[in-house]
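**Q** only geometry, no sequence info:
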């Protein structure tokens, strides 16, 4: 199922990002490390999406880090323009709001780029997107853009 997220109306503004915990866009020399980390923690599919987001200009991927350790990531415009995700956080940090911070960073970035809506595609955790971003289901959206994907 795909979900729709409204970006206008002040929901994803810069003040919502105040206090983010090490959330930033990676620099060029870090791209291979980020892709390898995503592959190790979340598999080749998400790693491919991360690589696509890292290839975009401007970069459309955020990471969260503590010291030199990556804790999570979120990207947009990886599978298709206007799509947000995937978002992934290491197991030890789940439930602490880090995934929400990463998602909000992407949604804020999308809003500043002129997007009015974001699509979270083929969502495995719809409750997260509903709670964190006010997402609503797009009818008849399964399997959506992913229907003929190589597996």
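**A** Now that the structure is in, tell me what you want to look at. Bear in mind the structure is a predicted one, so any value in this text is a computation, not a measurement.

**Q** who touches residue 22 in this structure?
**A** Contacts for residue 22 (CB atoms under 8 Å, 6 or more residues apart in numbering) come out as 64, 65, 66, 71. Every residue, glycine included, has its C-beta placed from N, CA and C.

**Q** in strands, which of those residues fall?
**A** Per DSSP state E, strands hold the following members of the contacts of residue 22: 64, 65, 66, 71.

**Q** quick check on those residues: which are buried?
**A** Neighbour counting over these (16 or more other CB atoms under 10 Å) leaves 64, 65, 71 as the buried ones.

**Q** dump the contacts of residue 22 to CSV, plus distance to residue 86.
**A** Output for the contacts of residue 22, formatted as CSV (distance: CB to CB, whole Å):
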residue, distance to residue 86
64, 14
65, 18
66, 20
71, 15
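
**Q** could those residues go into a markdown table alongside pLDDT and distance to residue 57?
**A** A markdown table is the format used below for the contacts of residue 22 (pLDDT from 0 to 100; distance: CB to CB, whole Å):
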| residue | pLDDT | distance to residue 57 |
| --- | --- | --- |
| 64 | 96 | 22 |
| 65 | 95 | 22 |
| 66 | 94 | 28 |
| 71 | 97 | 25 |
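
**Q** quick revisit: tell me the one among the buried ones among the ones in strands among the contacts of residue 22 nearest to residue 40.
**A** Nearest to residue 40 among those, counting by CB to CB, is residue 71 at 13.4 Å.

**Q** excluding its backbone neighbours, what's nearest the closest one?
**A** Spatially, and ignoring its direct neighbours in sequence, residue 71 is nearest to residue 64 (4.5 Å; CB to CB, 6 or more residues apart in numbering).

**Q** any idea where the strands of the chain begin and end?
**A** Under DSSP E, the chain gives strands at 3-6, 23-24, 61-66, 69-76, 83-89, 117-120, 136-137.

**Q** tell me what angle the longest one forms with strand 83-89.
**A** Interaxial angle of strand 69-76 relative to strand 83-89 (axes from the mean of the first three to the mean of the last three CA atoms, to 10 degrees): 160 degrees.

**Q** who does strand 69-76 pair up with?
**A** strand 61-66 (antiparallel), strand 83-89 (antiparallel) (DSSP bridges).
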